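Visitor: Okay, here's the prediction I keep looking at, along with the sequence it came from:
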Amino acid sequence: MTGTPASPTAPAAFTTDDYRARMARAVRAADAAGLAGLLVAPGPDLSWLTGYKPTADTERLTLLVLAAGRDPVLVVPTLEAGDAAHAPGAPALTLRDWTDGQDPYAATAPLLDAGGRYAVSDSTWAVHLLGLGRTAPTGVGFTALGEALPMLRAVKDAAELDRMAAAGAAADAAYDEIRNVRFEGRRETDIAADLAGLLRGFGHTQVDFTVVGSGPNGADPHHEAGERVIAAGDTVVLDFGGLVHGYGSDTSRTVHVGEPTAEERRVHDVVREAQERAVRAVRPGAACQDIDRAARETITEAGYGPRFIHRTGHGIGVTTHEPPYMVEGERQQLVPGMCFSVEPGIYLPGRFGVRIEDIVTVTDDGVRRLNTTSREMAVVH
């Protein structure tokens, strides 16, 4: 490998005021949706709202309770209360701790209003939801937060967009370097390990996936890198990403070991044109399904419609996959600050696949790509 990896400069940390504003925004959104409030268990929603990330997944109840007219309350096990008190958003919270042997659901029930309907974070354990249902006041109901408020984290502010841009740049740097390594005669897992090392070297604190699909394996969109030895003449799909400063990267490029055939070039050109048309369709007021349609129409016109077997894109932020989704039937309008992937593909079973993916963000007057590496088919050795 060439070059010297350099981590992106760390941005200023989010402040208590940032987390206080997010919680207030969530309460307003809940009220507008006719909800009494939100119940948020450990996971991406809790970390986004408060900055608190429990040290381990645990059977002990931890729950943020947000409701209009009440101060935010974090119900937390006593043995973890010290850590919770040091979270960046803690000064905006009231901590209510419970000790082993107590009923945490009974301790939480007084925070809920009779007859209220609460959105519960998607990561909440079923046992906790059942416990709350057993002890909650009469008439309390629950709904999934992801269904009730799917756009809660979708619109990024300026500080979040800076982190998204840094993540995209770090992934781009990794791709620029991986094209210089030898592919032929090495296993997919070897290339995946190289990619993971480059992602970390360029600033990723967490590597979530390194898909390396060579030859026929490239026709499986979520192929796990395996022991197949990459050979001359292989098309290789690379899809990789992780977290930089807590925000996600996710990019795909398709390379070829040696010179591609005319058919391989044609398929790649179709996908590249589909991706370009889909990105051009991004603008405020467009519907999510419009982005999917732009990509799908291009691929269908070229005769490969049945071989495009997934949605065109997904939202991204503190998690790799989150709303909004670029798929037929999704009429959610795009607004500035939304970030999502645009990743059409063509997959020919038993032969090869091609996918090209960039993360984009909606701007006031159009779109900005957060991945800027070449989308031409790169020849590797």
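Guide: Done, it's in.
Visitor: which residue is nearest the centroid of the chain?
Guide: Nearest residue to the geometric centre of the chain (Cα atoms, centre = their mean): T320, 1.8 Å.
Visitor: Okay, helices next: where are they in the stretch 51-200 of the chain?
Guide: 81-85, 104-108, 126-135, 145-148, 158-178, 188-201 (DSSP state H, counting those that start in this stretch).
Visitor: Identify the residues contacting the last one?
Guide: Residues from elsewhere that reach helix 188-201 (Cβ atoms under 8 Å, 6 or more residues apart in numbering): 1, 5, 7, 170-171, 173-174, 177-178, 181, 183, 207, 210-214, 217, 225-228, 230, 236, 238, 240-242, 249. All C-beta spots, glycine's among them, are computed from the backbone N, C-alpha and C.
Visitor: Kindly calculate the angle that it makes with helix 158-178.
Guide: Interaxial angle, helix 188-201 versus helix 158-178 (axes from the mean of the first three to the mean of the last three Cα atoms, to 10 degrees): 140 degrees.
Visitor: right, and the helix or strand after helix 188-201?
Guide: Past helix 188-201, further along toward the C-terminus, the next helix or strand under DSSP states H and E is strand 206-214.
Visitor: ok and that following strand relative to helix 158-178, angle-wise?
Guide: Using the same axes, to 10 degrees: strand 206-214 against helix 158-178 is 40 degrees.
Visitor: mind checking pLDDT for T205?
Guide: What the model reports for T205 is a pLDDT of 96.
Visitor: Please disregard the earlier target; I meant G3.
Guide: pLDDT recorded at G3 is 49.
Visitor: Quick check: most distant residue from the centroid of this protein.
Guide: Largest centroid distance in the chain under Cα atoms, centre = their mean is G101 at 37.4 Å.
Visitor: How confident was the prediction at that residue?
Guide: 93.
Visitor: how far away is it from P77?
Guide: To P77, G101 is 11 Å away according to Cβ to Cβ, to the nearest Å.
Visitor: rewinding a little: for the spatially closest residue to the residue nearest to the centre of the chain that is not a sequence neighbour, which residues make a bridge with it?
Guide: In space, and not counting its chain neighbours, T320 is closest to G248: 4.9 Å by Cβ to Cβ, 6 or more residues apart in numbering. When assigned by DSSP bridges, G248 has beta-bridge partners L243.
Visitor: So G248 is in contact with A165, correct?
Guide: No. With contact defined as Cβ atoms under 8 Å, G248 does not reach A165; the gap is 11.9 Å.
Visitor: didn't M338 look like it was pressed against R153?
Guide: No. M338 is beyond contact range of R153, at 10.2 Å (criterion: Cβ under 8 Å).
Visitor: quick one, what contacts the residue nearest to the centre of the chain?
Guide: Counting by Cβ under 8 Å, 6+ apart, T320 touches D208, F209, G241, G248, D250, H314.
Visitor: For these, give me a markdown table that also has neighbour count and distance to F14.
Guide: Converted to a markdown table, the contacts of T320 look like this (neighbours: other Cβ atoms under 10 Å; distance: Cβ to Cβ, whole Å):
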| residue | neighbour count | distance to F14 |
| --- | --- | --- |
| D208 | 16 | 21 |
| F209 | 16 | 26 |
| G241 | 29 | 22 |
| G248 | 27 | 16 |
| D250 | 26 | 22 |
| H314 | 21 | 24 |
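Visitor: Show me which of those is closest to D18.
Guide: Distance to D18 across these (Cβ to Cβ) is lowest for G248, with 18.6 Å.
Visitor: Going by secondary structure, F240 is in what exactly?
Guide: Here F240, judged by DSSP H and E, is contained in strand 235-244.
Visitor: what's that strand packed up against?
Guide: Counting contacts by 3 or more Cβ pairs under 8 Å, 6 or more residues apart in numbering; DSSP states H and E, strand 235-244 packs against helix 158-178, helix 188-201, strand 206-214, strand 251-257, strand 352-355.
Visitor: Taking strand 251-257 as reference, get the angle to the helix or strand just after the fourth one.
Guide: What that stands for is strand 251-257. Toward the C-terminus, strand 251-257 is succeeded by helix 262-280 as the next helix or strand (DSSP H and E). Here the directions of helix 262-280 and strand 251-257 differ by 160 degrees (the same axes, to 10 degrees).
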